[in-house]
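# Below is the sequence, then the predicted model.
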Amino acid sequence: MKQIAIAAALIVGISAGICTFAEAQSAQTSPAAAGAPAGQGPGGQDPGGAAGQPASGTTPAPQQKVSATDEVTVTAEGETRDVQSIGSKLLLETTPGTSPIAVLAHLPSVSMTSSDPYGAYEWAVRISVRGFSQNQLGFTLDDVPLGDMSYGNLNGLHISRALIDENLGRAVLSQGTGALDTASTSNLGGAIQFYSTDPSEKRGFHAQQSFGSFSGSRTFARYDSGMLSTHTKLFVDGVYQTSDKWRGDGPIRQSYFQFNTKVQQMIGSKGVLTFYADYSNRQEVDYQDENKLWVHQFGYKTDNFGDWNVALQAANAYNAQGNTGFTVFSSIPTVFPGSIPSIQSKYGDLSNDPEDVGYYAAGGLRKDFLGYVKYETAITSHLTSKTTIYGHHNNGVGLWWTPYLPTFDPSGVQISPISERTSEYRIARGGVMSTLAYETGKNKLEGGFWFEKESFDLARRFYGTTLQSPGQSVYDVPKNPFWTQWAYNFPTNLFQVHLQDEYHITPSVAVAAGFKTSETYTTGTLVGFNQGIDLAPTDTTSNYAQGKLTSGKPFLPQVGVNWKIAKGNEVFADVAENTRAFQAGGKGFGTSPWGTTQAGFNALTSNLKAESSWSEEGGFRHTDKFVQAQASYFHVNFHDRLLAIQQGPGIAGNASILSNVGGVTTNGVDGAVTARLHEGWTFYNSLTCSKSTYDSNYTPGGAGGTPVLTGGKVVVDAPEFLYKNELSYTKKGFDAHIGSDFMGKRYFTYTDDNSVDGRFLADLGTSYHVDEIGPFEQLKLQFNLYNLANAKYYSTIGTNGFVASDPTSIGNNTLQQGSPRAVTGTFTVKF
């Protein structure tokens, strides 16, 4: 026991001890000269196995060498990269309905935030790893690409819509350099690979019912066929979840329905054919983006009005006091409702943005269908192959009742001071990926390709309201717009090949080397603008960007080494280069080159460069029957950072100016240990200390402008300190755990002139199950408690993007408050 405690303390001590060294390195390698913001805006039943693994008696395709334990796997023996995973036991301990992204927050160097207790509200869920934001990471499910999982996703979908949470077998995180075979065009840094569970060998039925805070309810049911006489097994399951927002009034119900099925057919003794299908229908009502002044003035639970008459008054007051030129309705008051006038020095003072304190409502609707067919086989005793064909279709719409544009009737008369604005999405994509692996005692050679073809549609439309009602429910897709501001189609073709070899020079020394070639071809085509009522008579096609862009590189190398220095002890190191494809999108959408005018786009094409990174990492691992531990040092140089400089409020959707604005340098260290203590006790501990800084200043609008002093400043939404721990106990049918998570200060302006304080969260969970009782295989009762101390804190930042400076926190409403304490109880039956 004494040795175990020493080992645990050693790993965390190593991390803490070299924190100062990491900061010193960052200072040495981050010259303050020419500028670049980093975070832009926003497997099998066994957790060690992989999805699609053939049943006993077949030869599986090669899988990742991640150690199989029931806790957080803090290290992966033999890997030349930093690889960690979350297994099935931890997934079962979490609150049902918790996003897999939230579960990954247990791992070192992972920063995860969300507005709700479960990480399910997509607008506000964010994950970052070693200074890389969510849309700079790579995500896959059973090897199928999920895109960058951003809210207005242009090339994929969120893991919560691709897989029912209960069907997640494990999640594997490559913290720094990612994996060459990851099907992603956005993984500048790490890659996250999710694996679904396989159908059970045994026939059974599984039902689960949860109730919790904020009128929460979740119903899940799954049927497994077991192995049939045709050497086939399958599962079919579905879930329906609903809960209210924890703040706000009016329409605040969040809900989704999801259906999964997976079929595996054994082909002889050497192959397996897998079919997977997912259908998801989500309805989310938005939490209002806030600033510090509003939260201080109106309270922690301030949110949208949810009352149509109140929203009308706020919009009418804005038109009256802001001299917008729109109609001021005499039947509606011209003062802002409720306590909003308290932030005004006088009538007509809009300096503290009273018009954006609240709206009637906003929301997001998403319908997705995802499916794949995969065939894995052992061609010979040394040669294996795996081929996957997949398809994905999405229809989505983002809704917002905006006070910035009234409703017009067909004759052009204003009939309401509010209109319903939408961002409408449609994704139709399909692809194929295939790999071959040849393995001998000393050598493993693996190569493959990935091809995808996609059509992405994006439009900005406005729908009518009246003085009597908002016209449409926040849960319905609106019809018959009175104005289409613009509509785009983005056809995209991408092609990626990779080749890698791992060679054991000696039994204790292995070297891995490889490369990938990645090319993405996207064309932006304007399919319509100013349609319906003529609200922009001077608008022309020149105000919108059209054209083709190519991104990628023909040679992106990765090299690593692993040296087993003694039994259970090894060191590793690797380096890799990565690049990120340009994002498709219209005006006001992230870092899209098409979010500007035609002249602006033409100027960009001559000098715009895709973002790229060079990552280095090295570390030490220790593994024995009692302790898993790892400590790593990492260094990243981020090049050609893209910044979309907002022209006006982020929510207004104005055009942005896109520029390469320099680089970012990251230095850091992290460490983690899982110690199996005495008689069922397990202790997990992790610490991260890192610093990401902009290399230089940048000048908006080019030479001659006023420089923004970002050189040497800490990157937005990149906490420098993370500490996580969990103590768990298991004995017979009883399980209990208590954990905590500390995140340091985070900046939300590029010049570091405003920030949110660090926060400390704790959670508690316990369950008890009995097996083989009467007709039941298992009965289980589970209890989970989120935010044990009921802490008040800012969770997600940057939901409305980031700006250069906002010292008073009224220039950009981009903060989300964290959820208060939430309690959930769950009853599970299996038979």
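The structure has been received and is ready for your questions.
# Checking my notes, residue 294 in a strand, right?
No - going by DSSP: H, G, I helix; E, B strand; the rest coil, the assignment for residue 294 is helix, not a strand.
# In its sheet, which strands sit next to the helix or strand residue 577 falls within, and in what direction?
Secondary structure from DSSP states H and E places residue 577 in strand 569-579. Strand 569-579 sits in its sheet next to strand 547-566 (antiparallel), strand 612-623 (antiparallel), going by DSSP bridges.
# Quickly compare those strands and say which is most buried.
Each of the strands paired with strand 569-579 was scored by mean neighbour count; the highest is strand 612-623, a mean of 21, by mean count of other Cβ atoms under 10 Å. In short, each C-beta sits where N, CA and C put it, glycine included.
# Let's test this: mean pLDDT of it, rounded?
Throughout strand 612-623, pLDDT has a mean value of 94.
# quick one: that strand to chain centroid distance?
Computed by Cα atoms, centre = their mean, to the nearest Å, the separation of strand 612-623 from the middle of its chain amounts to 22 Å.
# cool, stretch 285-297 as well?
From the chain centre to the centre of stretch 285-297 is a distance of 22 Å (Cα atoms, centre = their mean).
# Mind listing what's buried along that stretch?
Of the residues in stretch 285-297, those buried by neighbour count under the rule 16 or more other Cβ atoms under 10 Å are 285-295.
# got the CA coordinates for that stretch in CSV?
Coordinates of each C-alpha in stretch 285-297 appear next as CSV, following Å, rounded to 0.1, in the frame of the first residue of the first chain:
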residue,chain,number,x,y,z
VAL,A,285,-34.4,25.3,-26.8
ASP,A,286,-31.5,27.7,-26.4
TYR,A,287,-30.1,29.2,-23.3
GLN,A,288,-29.5,32.9,-23.8
ASP,A,289,-25.8,33.9,-24.2
GLU,A,290,-24.9,36.3,-21.4
ASN,A,291,-22.4,38.8,-20.3
LYS,A,292,-21.1,39.6,-16.8
LEU,A,293,-23.2,42.8,-16.4
TRP,A,294,-26.5,41.1,-17.1
VAL,A,295,-25.8,38.2,-14.8
HIS,A,296,-24.8,40.6,-12.0
GLN,A,297,-27.8,42.9,-12.6
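# re the thing from before, dump the strands paired with strand 569-579 into TSV; add distance to residue 79 as well.
Listed next are the strands paired with strand 569-579 as TSV, based on distance: least, Cβ to Cβ, whole Å:
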stretch	distance to residue 79
strand 547-566	7
strand 612-623	8
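# looking at the ones you listed, which is closest to residue 251?
strand 547-566 (39.6 Å; Cβ to Cβ).
# Alpha carbons of the closest one, as CSV, please.
The C-alpha atoms that make up strand 547-566 are tabulated as CSV, following Å, rounded to 0.1, in the frame of the first residue of the first chain:
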residue,chain,number,x,y,z
GLY,A,547,-15.6,30.0,-55.9
LYS,A,548,-13.5,26.9,-55.3
LEU,A,549,-10.8,26.4,-52.6
THR,A,550,-8.4,23.5,-52.1
SER,A,551,-6.8,22.6,-48.8
GLY,A,552,-4.6,19.9,-47.5
LYS,A,553,-1.0,18.7,-47.9
PRO,A,554,0.5,15.9,-49.9
PHE,A,555,2.8,14.8,-47.1
LEU,A,556,1.9,14.9,-43.4
PRO,A,557,4.5,12.8,-41.4
GLN,A,558,4.3,11.1,-38.0
VAL,A,559,7.2,9.4,-36.3
GLY,A,560,7.3,7.8,-32.8
VAL,A,561,9.3,5.5,-30.6
ASN,A,562,8.6,3.3,-27.6
TRP,A,563,11.3,1.9,-25.3
LYS,A,564,10.5,-0.6,-22.5
ILE,A,565,13.2,0.3,-20.1
ALA,A,566,12.1,-2.3,-17.5
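# from now on call the first residue 601
OK, 601 is where the count begins now, so the last one is strand 1147-1166.
# Mean confidence (pLDDT) on that strand, please.
So the average pLDDT for strand 1147-1166 ends up being 94.
# Same question for stretch 1021-1028.
Averaging pLDDT residue by residue across stretch 1021-1028 gives 96.
# So which bits of that stretch are buried?
In terms of neighbour count (16+ other Cβ under 10 Å), stretch 1021-1028 has its buried residues at 1021-1025, 1027.
# next one: stretch 1389-1405
1393-1404.
# Any regions of the stretch 1251-1400 of the chain where pLDDT drops low?
Using pLDDT under 70 as the threshold, the predicted model of the stretch 1251-1400 of the chain has low-confidence ranges 1251-1257, 1301-1304.
# Tell me where it has strands.
With strands called from DSSP state E, counting those that start in this stretch, the stretch 1251-1400 of the chain shows them at 1256-1260, 1264-1276, 1281-1294, 1321-1331, 1334-1343, 1346-1347, 1355-1356, 1359-1373, 1376-1386, 1394-1397.
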